[in-house]
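structure for this input, please:
(one chain, ligands or ions: 1)
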Amino acid sequence: MNTQRPTRSNNAKSATSHASSVAGPQISSVDTAASPSGGRAASRTGPRLAAKPDTKARPTKPTLGPGAKTGGKAKAQDRKPSWPRACILTGGGDAPGLNAVLRAFVRACEPLGVEVVGSRDGFTSLVEGQPLVPLNRESVRGILPKGGTVLGTSNRGNPFDYPQGKRSVNRSRRVVKRLADEGISCLILIGGDGTLGIGQKLALQGVRVIGIPKTIDNDLRATDRTFGLDTAVGTATWAIDTLHSTAEAHQRVMILEVMGRHAGFIALHAGIAGGADVILMPELPYNVERVAAQVRRRTRLGAPFSIIVIGEGAYPQGGAVNTLQGATVGTPTRLAGAGHELAELLAPRIPHEVRVTVLGHLQRGGSPSPADRILATRFGIRAAELCAAGESNCMVALRGTHIVSVPLNEATSGLHRVDLKGEFVAVARTLGIELGA
Ligand code: F6P
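Have a look, this model is predicted:
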């Protein structure tokens, strides 16, 4: 049970989106490579790869030197493989499509002559000296439709701020050395601004880094779209559809709180797709009187019920973002309470009963949508090509309809937020959806 209490803070930006997921489901180890079913029999939330190196999953390339054996004890110079060796990891909160990226990257690397290993639970394996997981076509078989990440992820593994008891320490040198010892020529980071920011700092220490953007919030400036958003919007749209019938039956106002720490993409897109009556986003502090007026207007027009979608980072004009107190070392501020705050403000202003549904991590779990699988696959393949071409300190991105490579520092140069003058906001207003301001 969560004993942390919601508070309000104006410091929305300090609530970095690097992070996430202590609360996510931890799946017990399942070795997809060793499983005759290729992992399909595993949990719907997805298998995790075995921690121990899988000897069946050796690359079919020329034999490595004596020290190249993952987790071996030979000297660093013996470990240098004769072809590029990439280490890939998934960091921060999970997003539907992570496994699709892993699969595409590994499959694309094979013909390009790049050997791939994975670090479990974000940077944890690299910092803790745990064995890296060999990844090949067999070990990623069957993972495309799975949610979560077979490598595991963590929001507490920042090597520059690594938790040790009640304090945190800088373990970045350990990571740099480990990569060199393992003969890793390129580090592939699938993550949000936190993980990619770590990548930038490692790049300054001489590590070759390629980033792949991930977050259901879609708040990374350097790419038009991240994978995970489409699945999350699908889940939120399903929730709006489901709430409609019960809202109508009881003539209630239903508030649906969705994720979106700094950006209202999930709220806006799902709100439009689900036919919400009010959409409130972090980008546009709301006036509760306008929300109440919309509810009353609908009642006058013969619809005595309303659906309100609110992003977790939204707050009233003159108010502040709702956060949880008592964060643990190395974890980012958590948001909670936006929906309940709105309910408190709204209920005295309307005759309707108000109910709140917090959709939470349902948006992050489950099988990725076809659109997310495709985007993730395109990102994975492009990253493999960049890796094989010797590129580094860059990130793959979607610009328009094209997958491109952008400098890594662009990824963390600012937030991608809903354009209040853009088409989607105009569409919502044209439909008569109240945006709170
Ligand atoms: O990945 C971003 C995000 O989905 C935010 O919208 C949300 O605030 C956060 O993750 C929650 O992460 P967690 O509960 O895993 O810490």
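
now the helix or strand hosting residue 101: average pLDDT?
Secondary structure from DSSP states H and E places residue 101 in helix 98-112. For helix 98-112, mean pLDDT rounds to 98.

contact residues of the stretch 101-250 of the chain facing the ligand?
155, 215-217 (CB under 6 Å from any ligand atom). In this view, the C-beta of every residue, glycine as well, is placed from N, C-alpha and C.

which residues touch the closest residue to residue 307 other than its chain neighbours?
Closest residue in space to residue 307, ignoring its immediate chain neighbours: residue 276 at 4.8 Å, by CB to CB, 6 or more residues apart in numbering. Listed by CB atoms under 8 Å, 6 or more residues apart in numbering, the contact set of residue 276 reads 240, 256, 270, 307-309, 433.

you'd agree residue 276 is in a helix?
No. Counting by DSSP: H, G, I helix; E, B strand; the rest coil, residue 276 is located in no helix; its state is coil.

my read: residue 437 touches residue 281, true?
No. Residue 437 is beyond contact range of residue 281, at 9.8 Å (criterion: CB atoms under 8 Å).

more neighbours, those two?
Using other CB atoms under 10 Å as the criterion, residue 437 and residue 281 rank with residue 281 on top: 30 against 14.

tell me which residue of the stretch 201-350 of the chain lies closest to the ligand.
Closest residue of the stretch 201-350 of the chain to the ligand, CB to the nearest ligand atom: residue 259 (3.5 Å).

ditto for the stretch 51-200 of the chain
Closest to the ligand within the stretch 51-200 of the chain is residue 93: 3.4 Å, counting by CB to the nearest ligand atom.

and that residue, that's in a helix?
No. Applying three-state DSSP, one finds residue 93 to be coil, outside a helix.

tell me the pLDDT at it?
Model confidence at residue 93 (pLDDT) stands at 95.

do you know how far it is from residue 360?
According to CB to CB, to the nearest Å, residue 93 stands 12 Å off from residue 360.

point out where the chain drops to low pLDDT.
1-82, 326-331 (pLDDT under 70).

switch to 90 and redo it
Applying pLDDT under 90 to the chain flags the ranges 1-83, 155-157, 165-166, 324-333, 411-413.

domains for it, by residue range?
85-227+368-411, 229-366 (automatic domain parsing).

of those, which approaches residue 420 most closely?
Closest to residue 420 of these is domain 229-366 (CB to CB; 5.9 Å).

tell me how far that closest one lies from the chain's centre.
Computed by CA atoms, centre = their mean, to the nearest Å, the chain-centroid distance of domain 229-366 equals 21 Å.

and the helices in the stretch 101-250 of the chain, which stretches?
Under the criterion DSSP state H, counting those that start in this stretch, the stretch 101-250 of the chain contains helices at 124-128, 172-181, 193-204, 229-250.

could I get these as JSON lines with mean neighbour count?
Output for the helices of the stretch 101-250 of the chain, formatted as JSON lines (neighbours: other CB atoms under 10 Å):
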{"stretch": "helix 124-128", "mean neighbour count": "21"}
{"stretch": "helix 172-181", "mean neighbour count": "18"}
{"stretch": "helix 193-204", "mean neighbour count": "22"}
{"stretch": "helix 229-250", "mean neighbour count": "20"}
